[in-house]
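>>> just to be clear, the model below is a prediction. Sequence and coordinates:
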Amino acid sequence: WPPGELKLAAYRALSADSRVGQLLTHVNAAGSAEMVDVGSKASTQRVAVASARVILGETAYQLVENNRVQKGDVLTVAKIAGINGAKLTHHLIPLCHSLLLSKVDVQLSLEASTHSVLIEATAKTSGQTGVEMEALTAASTASLTVYDMCKAVSKDIIITDIQLEAKSGGKSADYRRRPAP
């Protein structure tokens, strides 16, 4: 396929699906990526919650639990990193709008049974587009920070289950993840 034609062929194939406009909001009629124009959308209160899990293993977990990691207080540094990540989302994700965030909260807790750090990030704004990416970026950045601060102890650390838990506000329906069976 010549450059660009594969992209256009893929778009045409997807266009046969009547849901494509809902599924691929950042793709134009030619199949190229573009930023969504939110100028005509109403400004509403928007909230998104995302989560992540960092499985440390027993040794790293004990060091975090006892605040004995050489680099410092893992949970506090990861919390601040997550907040910064949310604020910088539009710099990291190319088609995200820059948002005036009214609140970002990142909570980290320890789960002894799995030697894990659990992360929950909440982002809030009043605006024309959602804050899902900001919440997901906060959870991801906090996860990466936990890894960075603990990597000297273990290379077997696993970052997993980065996911949207809930969102509200805007034109689309509110969303809440259903618990796994």
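Alright, I've got the coordinates. Numbering: from 1, shown residues only.
>>> leaving out sequence neighbours, find the closest residue to the residue nearest to the spatial centre of the chain.
Nearest to the mean C-alpha position of the chain, by C-alpha atoms, centre = their mean, lies residue 136 at 1.2 Å. Computed as C-beta to C-beta, 6 or more residues apart in numbering, the closest residue to residue 136 that is not its neighbour in sequence is residue 50, at 4.5 Å. Quick note: C-beta positions are derived from backbone N, CA and C, even for glycine.
>>> how deep is the one you found tucked in, by neighbour count?
30 (other C-beta atoms under 10 Å).
>>> is it true that it touches residue 131?
No: using C-beta atoms under 8 Å as the test, residue 50 is too far from residue 131 to be in contact (9.6 Å).
>>> buried set for the lengthiest helix in the chain?
Taking DSSP state H as the assignment, the helix of the chain that covers the most residues is helix 132-150. Within helix 132-150, the residues that count as buried by 16 or more other C-beta atoms under 10 Å are 132-147, 149-150.
>>> tell me where the protein has strands.
For the chain, the strands defined by DSSP state E occupy 44-55, 101-111, 116-127, 158-168, 175-176.
>>> which one of the ones you listed lies nearest to residue 75?
The closest of the strands of the chain to residue 75 is strand 101-111. By C-beta to C-beta, the value is 4.6 Å.
>>> measure how the longest helix of the chain sits relative to strand 158-168, angle-wise.
Angle of helix 132-150 versus strand 158-168, following axes from the mean of the first three to the mean of the last three C-alpha atoms, to 10 degrees, is 160 degrees.
>>> returning to that earlier point: tell me the contacts of the residue nearest to residue 136?
Neighbouring residues of residue 50 by C-beta atoms under 8 Å, 6 or more residues apart in numbering: 120, 121, 132, 135, 136, 138, 139, 162, 163, 164, 165.
>>> next, format these as JSON lines and append distance to residue 71.
Shown next, in JSON lines, are the contacts of residue 50 (distance: C-beta to C-beta, whole Å):
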{"residue": "120", "distance to residue 71": "23"}
{"residue": "121", "distance to residue 71": "21"}
{"residue": "132", "distance to residue 71": "30"}
{"residue": "135", "distance to residue 71": "25"}
{"residue": "136", "distance to residue 71": "25"}
{"residue": "138", "distance to residue 71": "20"}
{"residue": "139", "distance to residue 71": "20"}
{"residue": "162", "distance to residue 71": "22"}
{"residue": "163", "distance to residue 71": "27"}
{"residue": "164", "distance to residue 71": "29"}
{"residue": "165", "distance to residue 71": "28"}
